[in-house]
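Asker: sequence? don't have it. structure:
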């Protein structure tokens, strides 16, 4: 069988869990869909472009039922959860749908389809694995660990509560057990993910917290790295900062999407804040955690965003000098409150503003990178290359941040090792170093 995983790191975990369950059930895997009797496309439907990519990928794989060996084609994840039976009408070649509440039923669904059962349809979005499930890790020396499912925050632009349900945290002991298994398998970096990791544990009885969990995980992976992604500005507590300030194995890294800084735009987003508030918070976080790296994301073209609103955002980006910044154009998602707001802007304006913001950030990233040349930094070597190795520092999350091009005589035995190297050069989104 062949599984195609689209979308975010949280989706990647769901895909790996399905692969683990299928492997346990005796299925064999191939990376080539033309060789597979069963194909699963685990989709993303967070925004319009993601839905389009998911639909195109399903269409591409329908042909393998005619040209390849495929007997069963399933669509899984957020797109089936959103579209329901309409997806099987759009793609008659689909033999079943697995919604976000049905990942644990993947084996039974495939077996039923192989026996000729009518296409399965998604149920409610309620799935949350507690105990560590069988899982096939596909990300090399780093692995994602899902802390929770769903979100209860209610931002007006976001479809996640509809697609994934309200926030539901895993028990701390379940997370720790899975982390221990991953470390025993050779994983060097644990990357904690959820819709909002800083809200982790608030729904449990007794309540838990991300700060407490990080302290426990530090004992599980003392010789590696532990990183948390997808926080919320209101969830950065003194306790969390104190834990991060302790240093390795905890990465001094915060991923906190601000989404915007204009008070009027944030209010329409169902959020709060302003440039002064965010700059004050950033300064406090940096004082509390010396050497802190920050990542954030912004949305351009939100309904009603004026030239003045965008000017505030542009000035904030210049003044804040955040290490890593992602920028997305607003996507009008049916069923969300923001879709009905007045002042919907043309896509061309949103895209133009995105380009301007990314240009500002590129100059900042280039300056920050140049300031690291001449220092020595610890790098996790992830794979060999024609010039030596590719790796990352503590400042760089996998797949979304920069990389380090480490030059030397390539040696696969060093993959997964931490090495201290001199930084010899830089670009806006990479560093250069030399080993030996």
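Answerer: Received it, and whenever you're ready, just let me know what you need. Predicted, not measured: the structure shown is a model, and the values here were computed from it. Residues are numbered from 1 along each chain as shown.
Asker: can you point me to the longest helix in this protein?
Answerer: Ranked by residue count, the top helix of the chain under DSSP state H comes out as helix 347-370.
Asker: Which secondary structure elements does the helix or strand following that one sit against?
Answerer: Sequence-wise, the next helix or strand downstream of helix 347-370 (DSSP states H and E) is strand 376-385. If contacts are counted by 3 or more C-beta pairs under 8 Å, 6 or more residues apart in numbering; DSSP states H and E, strand 376-385 sits against strand 388-393, strand 403-407, strand 418-427, strand 430-434. (C-beta placed from N, C-alpha, C; glycine too.)
Asker: how distant is the second one from the center of its chain?
Answerer: Read it as strand 403-407. Put simply, strand 403-407 sits 23 Å off its chain's centre (C-alpha atoms, centre = their mean, to the nearest Å).
Asker: Show the average pLDDT along that strand.
Answerer: The average of the pLDDT scores along strand 403-407 is 96.
Asker: can you list contacts of it?
Answerer: Residues outside strand 403-407 that contact it (C-beta atoms under 8 Å, 6 or more residues apart in numbering): 377, 379, 381, 385, 387-393, 396, 419, 421, 423, 429-435.
Asker: Partner strands of that strand and their direction?
Answerer: For strand 403-407, the paired strands and their directions (DSSP bridges) are strand 388-393 (antiparallel), strand 430-434 (parallel).
Asker: Of those, which is nearest residue 300?
Answerer: strand 430-434 (25.1 Å; C-beta to C-beta).
Asker: Now do the closest one against helix 347-370, angle only.
Answerer: Relative orientation of strand 430-434 versus helix 347-370 (axes from the mean of the first three to the mean of the last three C-alpha atoms, to 10 degrees): 30 degrees.
Asker: Could you figure out how far strand 430-434 is turned away from strand 376-385?
Answerer: Going by the same axes, to 10 degrees, strand 430-434 is angled at 90 degrees with respect to strand 376-385.
Asker: quick one: strand 430-434 to chain centroid distance?
Answerer: 25 Å.
Asker: Next, the buried residues of that strand.
Answerer: Neighbour counts over strand 430-434 (16 or more other C-beta atoms under 10 Å) mark 430, 431, 432, 433 as buried.
Asker: ok, now stretch 277-290?
Answerer: 278, 281, 282, 285, 289.
Asker: which other residues reach that stretch?
Answerer: Residues contacting stretch 277-290 (C-beta under 8 Å, 6+ apart): 233, 236, 238, 241-242, 244-245, 252, 254, 258, 261, 292, 294, 316, 319-320, 322.
Asker: any chance you could map the helices in the stretch 201-350 of the chain?
Answerer: Taking DSSP state H, counting those that start in this stretch as the criterion, the stretch 201-350 of the chain contains helices spanning 210-220, 238-245, 263-269, 275-288, 307-320, 347-370.
Asker: Check the stretch 1-150 of the chain too.
Answerer: Using DSSP H, counting those that start in this stretch, helices in the stretch 1-150 of the chain cover 9-24, 48-62, 64-67, 78-83, 86-90, 106-114.
Asker: by how many degrees do the last one and helix 9-24 diverge?
Answerer: For helix 106-114 against helix 9-24, the angle between stretch directions is 70 degrees (the same axes, to 10 degrees).
Asker: elements contacting helix 106-114?
Answerer: Looks like helix 106-114 contacts helix 9-24, strand 38-43, strand 72-77, strand 96-98 (3+ C-beta pairs under 8 Å, 6+ apart).
Asker: name the helices or strands packed onto the first one?
Answerer: Spelled out, it's helix 9-24. For helix 9-24, the packing partners by 3+ C-beta pairs under 8 Å, 6+ apart are strand 2-5, strand 38-43, strand 72-77, helix 106-114, strand 142-146, strand 189-193.
Asker: Nothing else from me, thank you.
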